[in-house]
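In: let's see this in three dimensions:
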Amino acid sequence: MTANRDQVIIVTGGGSGIGRAVALLAAERGARIGILDRDAGASRAAAADALGRGAAAAAGLGCDVTAERQVAEALAVLEADLGSPTGLFAAAGLDIGGFAHELRLDSWQQVIATNLTGTFLSCRAVIRAMLASGHGGSVVCCSSPAAFVGFAAGAASAYSASKGGISALVRSLAVDYARYGIRVNALVPGPTETPLMWANVSEADRPAMLAALQAEVPLGRLADPDEPARAALWLLSPESSYVTGSHLVCDGGVLAKASISV
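Out: Purely as a prediction, here's the structure:
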């Protein structure tokens, strides 16, 4: 993909992980980059790195995507600094593990609020800006294999429900806004070497968990964040101009594999 200094890409959860990788790869292509993250310092650091990678402009702000006013105000600031958004990668998320019979209601609500409601609020703010500008754009939401299958390890009811909701939201938004030239798709990354990957795993258990993941993933390894990020950038680019309401799976073969091994 060639550099496009007219692209204004907003990334939520852009302070780390796949979100940060998307922001930096888009920067290398000359886009203007707006980064939102609950960790304001991580947001600003990622924006500084984006400028170093060749972004036409970059700004990073602290933002809790569960807070309606914060999302609206942060988007307004980024739009004033960078111009009207042409793309959104909604990646802000968290995972609080637990079997349903043991999961606290506040833990369930926190996951749903961040992953699903936060994605909705981010999409709503950016779609409003795209409609006002009249130039259309591309929205990419971060889903998961958990939207389609249950994890064999279990204890992911809240996370799975939130990602299933994101996938349903993507299909609905794609139909609603296609007439305005706004495409809405989902990225489905598999196990990726990010902080979220290890959110519910103790330091002592990580080597065994890594070995188990490598054995389960058909490609035999975790993804580097740049790998799903490149897939997201394709969805954000004009190269995917006839793709909307779709899920781009970048999971090392996880969803293609049956669990029965005999």
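In: for the rest of this, base every contact and every neighbour count on C-alpha atoms.
Out: Fine.
In: how about the residue nearest to Ser144 when sequence neighbours are not counted, secondary structure?
Out: Leaving aside its chain neighbours, Ser144 sits nearest to Val188 (4.7 Å; criterion: Cα to Cα, 6 or more residues apart in numbering). Under DSSP: H, G, I helix; E, B strand; the rest coil, Val188 falls in the strand class.
In: I'd like the next helix or strand past the worst-scoring helix or strand of the chain on mean pLDDT.
Out: When the helices and strands of the chain are scored by mean pLDDT, DSSP states H and E, helix 206-216 comes last with a mean of 80. Toward the C-terminus, helix 206-216 is succeeded by helix 226-236 as the next helix or strand (DSSP states H and E).
In: buried stuff in that following helix?
Out: By 16 or more other Cα atoms under 10 Å, the buried positions in helix 226-236 come out as 226-233, 235-236.
In: make CSV from these and add pLDDT and distance to Gln7 to it.
Out: What follows is the buried residues of helix 226-236, written out as CSV (pLDDT from 0 to 100; distance: Cα to Cα, whole Å):
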residue, pLDDT, distance to Gln7
Asp226, 97, 19
Glu227, 97, 21
Pro228, 97, 20
Ala229, 98, 16
Arg230, 98, 16
Ala231, 98, 17
Ala232, 98, 14
Leu233, 98, 11
Leu235, 98, 13
Leu236, 98, 9
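In: in CSV: the residues you listed, plus distance to Ala161.
Out: Formatted as CSV, those follow (distance: Cα to Cα, whole Å):
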residue, distance to Ala161
Asp226, 26
Glu227, 25
Pro228, 22
Ala229, 23
Arg230, 26
Ala231, 23
Ala232, 22
Leu233, 26
Leu235, 24
Leu236, 25
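In: what's the closest non-adjacent residue to Ala161?
Out: Ala147 (7.0 Å).
In: how much space separates the one you found from Asp81?
Out: Separation of Ala147 from Asp81 (Cα to Cα, to the nearest Å) stands at 35 Å.
In: comparing the two, which shows the higher neighbour count?
Out: Each of Ala147 and Asp81 has its neighbours counted (other Cα atoms under 10 Å); Ala147 has more, 19 against 14.
In: does that one touch Ala168 like I think?
Out: No - under the criterion of Cα atoms under 8 Å, Ala147 makes no contact with Ala168, lying 9.3 Å away.
In: tell me which strands and helices whichever strand or helix holds Arg124 is in contact with?
Out: In the assignment (DSSP H and E), Arg124 maps to helix 118-133. Contacting helix 118-133 under the criterion 3 or more Cα pairs under 8 Å, 6 or more residues apart in numbering; DSSP states H and E are the following elements: helix 68-82, strand 87-90, strand 137-142.
In: buried residues, it. List them.
Out: In helix 118-133, residues buried by neighbour count (16+ other Cα under 10 Å) are 118-123, 125-127, 129-130.
In: quick one: residues contacting Thr192.
Out: Residues near Thr192 by Cα atoms under 8 Å, 6 or more residues apart in numbering: 222-225.
In: returning to that earlier point: what about the residue nearest to Ser144, how many neighbours?
Out: For Val188, using other Cα under 10 Å, the count is 23.
In: kindly report the same for Ala256.
Out: Residues near Ala256, counting by other Cα under 10 Å: 10.
In: and it, how far from Ile18?
Out: For Ala256, the distance to Ile18 - Cα to Cα - is 22 Å.
In: what do you get for Ala50?
Out: Taken as Cα to Cα, the span from Ala50 to Ile18 is 14 Å.
In: check Thr119 too.
Out: 15 Å.
In: same check, this time on Val249
Out: 14 Å.
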